[in-house]
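Peer 1: task: produce atomic coordinates for the following.
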Amino acid sequence: MALAQNMPLLSRLVSSSVAIASHAGGIIRDILKKGELGIVEKENASDLQTEADRAAQRCIISSLNKCFPKITIIGEEGEEETLDTSDKVFDPDAMPAVNVKCPSELSSLAEEEIVVWVDPLDGTAEYTQGLLDHVTVLIGIAHSGKAIGGIIHQPYFNYQTPGGKLGRTVWGVVGGEVGGMPLTSPPEGKLIVTTTRSHSSSTVNDAISAVSPDEVLRVGGAGHKVMLLLEGKAHLYVFASPGCKKWDTCAPQAVLEAAGGVLTDIKGIPIPYHSTAPHRNSTGVLASAAGIPHKEFVNKIPQHVKDNLKA
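Peer 2: You can find the predicted model right below:
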């Protein structure tokens, strides 16, 4: 269904990104089914890239460029993965449009003002290990350095439910709404923290201990961790490490904040998403579900932890 060109740019971009992310999820499933993952190491043995990462990025970036040629797109897998894309373009009009309400203050944006951060497959290590519920496709939309829109696609949502519909796409616009899932508040009377399963350190553990959790969920993928907050399965996402990047957090931050939550660095400072911002989130991540007093938990993070993380 073609989108009306008189709709705000942000509404059209989010709707198109929902369709494109869902299509990329199909690519990811197909590659795993064939078993030809084409795994290579990037920076180190724990930083992997598969053919699914590469193919999903080619699809996402080429398709967005076709629809919105003047936006700036930054993808995890680098520019070399977007050069040969002539046969990779997916037309989002092939799928039903999503009705995205746009806040008035964001209704007159121009393409040149938009930066899109793409993680084509968040949770690559978990993907190769069969932990498929950890995998997400992330498309984050930023303006003036702030996350304003996000798409989180879960290619394997419901994969362990016999007869269940496979895959889910959740989206949000800051100051607007969240679509694609019911929002659930985390349980009262206890504190559940989600954190990394693969980048643990004394600094990470000191930050977690300082907030006195009743339970700690160690899982892969920033997208998956924020989904646990949105699903009411955790109250906080605590990661006192420079281990994640802007493409990991832009989309989850926008969806979480659209739902009433908060995502900052470990010091409580907003994460910048300008096109020139360093890719690495050097000062960690602290995210809280809706209704959780974010500032109180920022204050509980020990000063030595904050000092260890330099911008």
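Peer 1: could I get the full set of strands for the stretch 1-150 of the chain?
Peer 2: Ranges of strands in the stretch 1-150 of the chain, per DSSP state E, counting those that start in this stretch, are 40-41, 48-49, 72-75, 114-122, 136-143, 146-154.
Peer 1: nearest to S11, of those?
Peer 2: strand 146-154 (9.3 Å; CB to CB). In this view, the C-beta of every residue, glycine as well, is placed from N, C-alpha and C.
Peer 1: next one: the closest one to chain centre, how far?
Peer 2: With CA atoms, centre = their mean, to the nearest Å as the basis, strand 146-154 stands 6 Å off its chain's centre.
Peer 1: between it and strand 114-122, how many degrees?
Peer 2: Interaxial angle of strand 146-154 relative to strand 114-122 (axes from the mean of the first three to the mean of the last three CA atoms, to 10 degrees): 30 degrees.
Peer 1: still on that earlier bit, can you redo the strands of the stretch 1-150 of the chain as TSV with distance to I61, mean neighbour count and mean pLDDT?
Peer 2: Below are the strands of the stretch 1-150 of the chain laid out as TSV (distance: least, CB to CB, whole Å; neighbours: other CB atoms under 10 Å; pLDDT from 0 to 100):
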stretch	distance to I61	mean neighbour count	mean pLDDT
strand 40-41	19	11	58
strand 48-49	15	20	66
strand 72-75	5	20	94
strand 114-122	6	28	96
strand 136-143	10	29	98
strand 146-154	14	29	98
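Peer 1: now those strands in a markdown table, with distance to G175?
Peer 2: As requested, these are arranged in a markdown table below (distance: least, CB to CB, whole Å):
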| stretch | distance to G175 |
| --- | --- |
| strand 40-41 | 40 |
| strand 48-49 | 35 |
| strand 72-75 | 22 |
| strand 114-122 | 16 |
| strand 136-143 | 12 |
| strand 146-154 | 8 |
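Peer 1: nearest to C244, of the ones you listed?
Peer 2: strand 114-122 (9.2 Å).
Peer 1: name the single longest helix found in the protein.
Peer 2: Counting by DSSP state H, the longest helix found in the chain is helix 9-34.
Peer 1: what is the rounded mean pLDDT of that helix?
Peer 2: Averaged across helix 9-34, pLDDT comes to 94.
Peer 1: buried set for it?
Peer 2: Buried residues in helix 9-34, counted by 16 or more other CB atoms under 10 Å: 9-29, 31-32.
Peer 1: residues touching K233, list them.
Peer 2: When contacts are counted by CB atoms under 8 Å, 6 or more residues apart in numbering, K233 touches P186, I192, T194, L217.
Peer 1: do you know which of the strands of the stretch 1-150 of the chain lies nearest L106?
Peer 2: Closest to L106 of the strands of the stretch 1-150 of the chain, according to CB to CB: strand 146-154, at 6.0 Å.
Peer 1: what's whichever helix or strand comes after that closest one packed up against?
Peer 2: On the C-terminal side of strand 146-154, the nearest following helix or strand under DSSP states H and E is strand 168-173. In terms of contacts (3 or more CB pairs under 8 Å, 6 or more residues apart in numbering; DSSP states H and E), strand 168-173 is packed against helix 9-34, strand 146-154, strand 178-179, helix 246-258.
Peer 1: show me which helix or strand of this protein is least confident by mean pLDDT.
Peer 2: strand 40-41 (a mean of 58; mean pLDDT, DSSP states H and E).
Peer 1: hang on, the earlier thing: to T128, which of the helices and strands packed on strand 168-173 lies closest?
Peer 2: Taking CB to CB, helix 9-34 is the member of these nearest to T128, at 9.1 Å.
Peer 1: against which helices or strands is that closest one packed?
Peer 2: In terms of contacts (3+ CB pairs under 8 Å, 6+ apart), helix 9-34 is packed against helix 51-67, strand 114-122, strand 136-143, strand 146-154, strand 168-173.
Peer 1: turn the ones you listed into JSON lines, columns for distance to A94.
Peer 2: Formatted as JSON lines, the helices and strands packed on helix 9-34 follow (distance: least, CB to CB, whole Å):
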{"stretch": "helix 51-67", "distance to A94": "11"}
{"stretch": "strand 114-122", "distance to A94": "19"}
{"stretch": "strand 136-143", "distance to A94": "17"}
{"stretch": "strand 146-154", "distance to A94": "16"}
{"stretch": "strand 168-173", "distance to A94": "15"}
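Peer 1: relative to S282, which of these is closest?
Peer 2: Set against S282 and scored by CB to CB, the helices and strands packed on helix 9-34 come closest in strand 114-122, at 16.0 Å.
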